[in-house]
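S.K.: coordinates only, sequence not included:
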């Protein structure tokens, strides 16, 4: 149980285009979803927290107009990187938590974004 | 400031040797601490949490509030323990509490 999927697993896009990453909780309802960014051989940095039906809360330094987060249902959150640039290339990971599991977060497998 | 520090980037031991992965934290209030593990090409997964006081795969971790530490220990390392280990604490209340990760320690268990 408590499986989180991400799609796509890897994506290559051209500079200036937008790309959408989906995060789904497959067998539970996720009241809260989190988006992280991980640079090579570095730790996970929280980008934003989203609750179903409300606006995401972004961490300091994260541009909300560039990283659009939508949490339209209890099983789906999306991250859209708008007008992507090479410096946005990274590994993006989502996680989900549910009230039934306390404060444990279940992580997705991550999405490798490469902007050329 | 809330912070998690893992001083070692890489810890290399031989199979059967004891392992201790260090974690120190800075947090005002009562911390809730976790160890996460990421095996090669796999997703991050929870290894253990301090409130459970359990042993998973032979690993234990004790919260020491006096030393603000939550070191991960295993008496006899196995090759399959080779992975990236992250110490983390939860900041904030409710289910929106966010995880603050340490820098991670790569554990390499040699045969």
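M.R.: Perfect, I can see it now. Predicted model only: the values in this text are computed from it and were never measured.

S.K.: How about the residues of chain B by chain A?
M.R.: Of all the residues in chain B, those in contact range of chain A (Cβ under 8 Å from any Cβ of the partner chain) are B:32, B:42-46, B:49, B:86, B:90, B:94-104. Where you see a C-beta, it was placed from the backbone N, CA and C, and this is true even at glycine.

S.K.: again, only this time at 6 Å
M.R.: With the criterion set to Cβ under 6 Å from any Cβ of the partner chain, chain B comes near chain A through B:43-44, B:90, B:95-98, B:101, B:103-104.

S.K.: Flag the least confident of the residues you listed.
M.R.: By pLDDT, residue B:95 ranks lowest within the residues of chain B next to chain A, coming in at 59.

S.K.: now the strands for chain A?
M.R.: According to DSSP state E, chain A carries its strands in the segments A:4-7, A:10-13, A:19-25, A:32-38, A:44-51, A:57-58, A:67-73, A:76-81, A:90-97, A:106-107, A:111-115.

S.K.: Adding distance to residue B:20, write these out as TSV.
M.R.: Supplementary listing: the strands of chain A in TSV, determined by distance: least, Cβ to Cβ, whole Å:
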stretch	distance to residue B:20
strand A:4-7	31
strand A:10-13	36
strand A:19-25	34
strand A:32-38	25
strand A:44-51	23
strand A:57-58	36
strand A:67-73	38
strand A:76-81	37
strand A:90-97	27
strand A:106-107	25
strand A:111-115	33
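
S.K.: Throw the ones you listed into CSV and include mean pLDDT, mean neighbour count and distance to chain B, thanks.
M.R.: Below are the strands of chain A laid out as CSV (pLDDT from 0 to 100; neighbours: other Cβ atoms under 10 Å in any protein chain shown; distance: least, Cβ to the nearest Cβ, whole Å):
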stretch, mean pLDDT, mean neighbour count, distance to chain B
strand A:4-7, 96, 18, 8
strand A:10-13, 96, 14, 13
strand A:19-25, 96, 21, 12
strand A:32-38, 94, 24, 5
strand A:44-51, 92, 22, 5
strand A:57-58, 94, 16, 8
strand A:67-73, 90, 17, 12
strand A:76-81, 95, 21, 13
strand A:90-97, 94, 24, 5
strand A:106-107, 94, 24, 4
strand A:111-115, 96, 18, 11
